[in-house]
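Engineer: starting from these lines, generate the structure:
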Amino acid sequence: MAPLGTELALSRLRLLIRGAVQGVGFRPFIFRLANDLGVKGWVTNSASGVVIEAEASNPVLQEFLQRLEAEKPAISFIQSLESTYLDPLGFDSFSIRESCGGEKTALVLPDIATCPECMREIFDPANRRYRYPFTNCTNCGPRFTIIESLPYDRARTTMKTFKMCEECSREYSNPADRRFHAQPNACPKCGPKLELWNPQGQALAREYDALCASAQAVREGRIVAVKGLGGFHLVVDARNEESVRELRKRKRREEKPFALMFPTFESVLKYCDATEVERRLLRAPESPIVLLRRSQLRDGLAESIAPGNPYLGVMLPYTPLHHLLMRELGFPIVATSGNLSEEPICIDEHEALRRLHGIADVFLVHNRPILRHVDDSVVREMGGRELVIRRARGFAPLPLHVDRELPCVVAVGAQQKNAIAASVHSNVFVSQHIGDLENATSHEAFQSVIGSFESLFELKPASLACDMHPAYLSTQYAQASALPQIPVQHHYAHILSCMAENDLEPPALGIAWDGSGFGPDGTVWGGEFLLITDGKFQRVAHLRPFRLPGGEKAVREPRRCALALLYEVFGERVFDSGFLAAGVFSEEELRILGTMLFQRINSPVTTSAGRLFDGFASLLNLRHMARFEGQAAMELEFAQNGSPIEDAYPFRVQETDEMFVLDWAPAVEEAVTAKDEPLSAASSRFHNMLVEMCVEVAKRVGEKKVVLSGGCFQNKYLTERLIGRLREMGLRPYWHQRVPPNDGGIALGQIMAATASLQLGRE
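Structural biologist: Numbering: from 1, shown residues only. Now for the predicted structure:
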């Protein structure tokens, strides 16, 4: 197979660019660049920004993107760049179209990383903003985290309590100045100030001295809570194993990887390999955490940062405060969310003293209020494009535009990785990542985000869209509302989310693979093939079902999934034979679990692809107990480790009642008998089997458009191999880009299902 992202076939790239890009020669620049590269399509100004549609081969489009950002007019500035790959239309030239008219959409821009001009100022001793950690201008700084209501004026932000000094006022009022109407504009005379607090809230140092003292605390191995743009980070020296272990212990985060912040782009490349796409993402205005492959596992960083993980989550400084701190330190730090595991990030310094008590040794705080929490976004390269895994800072709350007017609906999302969404005219606004709704703090944050959206966008929803699962707290919230509810099947929402982002109309075959979702038949779905038509879906195939002894407990114990697979294939023999490795279960545990399976007690039926991953991770003696969600599946993916094996485990396809059932039993039989097979080979064969299952169903269904969604498609090897195989078969695969494939994208799919239902009902 040709490497993904290098195909010579045409692709169409739609770009929406916001920022200082109108009236600065941006369209003529794009026209010249397109003609230089042989790109076809068009560019226009719209009410929302500059819109570009560009057609060329993938390598040419990648070069177009890179040169666009590197060579743009000097007086222009890109605040956000949304890129979406679509099916080509066959343009025969490149043109500048007339500007689109229409009413300007009131958009709330996300928080943007520090621009080069502000960077130069904070490191220039002759500049009045030298070492000032809250420097910003029209082109960068806080937006979404400080705005209270529209229109976006200083009086409607959390900066309203800071009265601008005479010099700042002159900048703010001067149309020729880059700080003209920069609402967070401030300087050391009139703006927010830094302080370093002890755990009792007493000030230890102020302003730049506070920053230097914080840096010294990090050097000494202490844990520092740093109030940033959208909340607190917990910071330690990434080279200090003892400090990282202590942070894990205090934060109650056993093995889940920590994110890192590096001082410079060049310093990242000493530790990690990075493709051109990944390099662009690292330096993008959104400044997300980018998952990069480590160049070597023993690289001088603490082993506890990402135990056994060949990837590091890496970001660069994105605020003046971070730039100043990292310049002072000169080495990488752990910069993880300021919270206990599974809780929302802290945004207020007094709240942080309470919630981070016993975790942080000192607190670097400031007096600019943060109105709403916004975590760092997480992205990775997938199929030669960006894939957003956690959509937050830099991306939220930018809307997805659709080509029709939508009724106003609020979608409340799923239980895990929750985000909400709202349709306004022809836009769908997707919120920042909220998290798992498993405790009171998370549920309060969820309700706060809904209230914030309703207020900010002046929503008057006709109904609430929610998941079908009755136990989801988001569903229960919708049911308690006075508004009508529209329940949407979980996997249907996954596929509609991906279709909306790819501007794709039905029919299409959707492959929705994840950990779990409530099925209309009362079972736990998760390995689904759905044929999507106008306003409905048909389940055309699924993975062979099996029972999960203990239900939710099996999610945290892959060994239970392995036992369930073995029981499904071998029956009661599994309890008195050597199928499982010694010591995985005690005799008492096996007796209890055996009773649960025999008598079908608390053992729900599932078709989950996620649990199939877990089961095989345990069968291959890789992971029997999970410390965080998806750990077993991640380790099974990493175990593949570039194995060249093309062979796949065997499987069967059973056809019953116009439904294909993909039977993994032959793979289980082979996995337990091939004891001496290298783990990398076994992992490759497992992944290859899953790919061939998808290809087989796609061939039998006969639909050309194949849509991939669900948490399993965060798996790089699985997704990229499947994309390649589908293309070999002459099919057209679609996958996520700027909306997460996991449950963070569910709310968008709920909007699409609910608005279609309302519109069909009216017709």
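
Engineer: got a pLDDT number for Cys187?
Structural biologist: Cys187 is assigned 98 on the pLDDT scale.

Engineer: any idea how far it is from Tyr318?
Structural biologist: For Cys187, the distance to Tyr318 (CB to CB, to the nearest Å) stands at 20 Å. Quick note: C-beta positions are derived from backbone N, CA and C, even for glycine.

Engineer: same check on Arg27?
Structural biologist: 29 Å.

Engineer: which one of those two has more residues nearby?
Structural biologist: For Arg27 versus Tyr318, the count of surrounding residues by other CB atoms under 10 Å is larger for Tyr318: 23 against 20.

Engineer: what lies in contact with the lowest-mean-pLDDT helix or strand in the chain?
Structural biologist: When the helices and strands of the chain are scored by mean pLDDT, DSSP states H and E, strand 77-86 comes last with a mean of 84. By CB atoms under 8 Å, 6 or more residues apart in numbering, the surrounding residues in contact with strand 77-86 are 11-21, 65, 69, 72, 109-110, 112, 115, 138-140, 284-286, 385-386, 394-395, 398, 501-503, 737-738.

Engineer: got the buried residues for the helix or strand following that strand?
Structural biologist: Counting by DSSP states H and E, the next helix or strand C-terminal to strand 77-86 is strand 94-96. Residues of strand 94-96 classed as buried: Phe94 (neighbour count, 16 or more other CB atoms under 10 Å).

Engineer: starting from strand 94-96, tell me which strands it pairs with and how they run.
Structural biologist: Using DSSP bridges, the strands paired with strand 94-96 are strand 40-45 (parallel).

Engineer: which other residues reach the partner strand?
Structural biologist: With CB under 8 Å, 6+ apart as the criterion, strand 40-45 contacts 12, 22, 27, 30-31, 34, 50-56, 91-100.

Engineer: now the buried members of these.
Structural biologist: 12, 22, 27, 30-31, 34, 50-56, 91, 94.

Engineer: helices - which of these land there?
Structural biologist: 27, 30-31, 34 (DSSP state H).

Engineer: quick one on the thing from earlier: any idea how far the least confident helix or strand of the chain is from the chain center?
Structural biologist: 16 Å (CA atoms, centre = their mean, to the nearest Å).

Engineer: and if you look at stretch 180-200?
Structural biologist: Using CA atoms, centre = their mean, the offset of stretch 180-200 from its chain centre is 30 Å.

Engineer: now do the end-to-end distance for that stretch.
Structural biologist: Terminal residues of stretch 180-200 lie 40 Å apart, using CA to CA, to the nearest Å.

Engineer: then stretch 435-443?
Structural biologist: End to end - CA to CA - stretch 435-443 spans 9 Å.

Engineer: what residues does it touch?
Structural biologist: 342-344, 415-418, 434, 445-446, 472-474.

Engineer: next, the buried residues of the top helix by length along the chain.
Structural biologist: For the chain, the longest helix by residue count, based on DSSP H, is helix 679-701. Going by neighbour count (16+ other CB under 10 Å), the buried part of helix 679-701 is 679-695, 697-698, 701.
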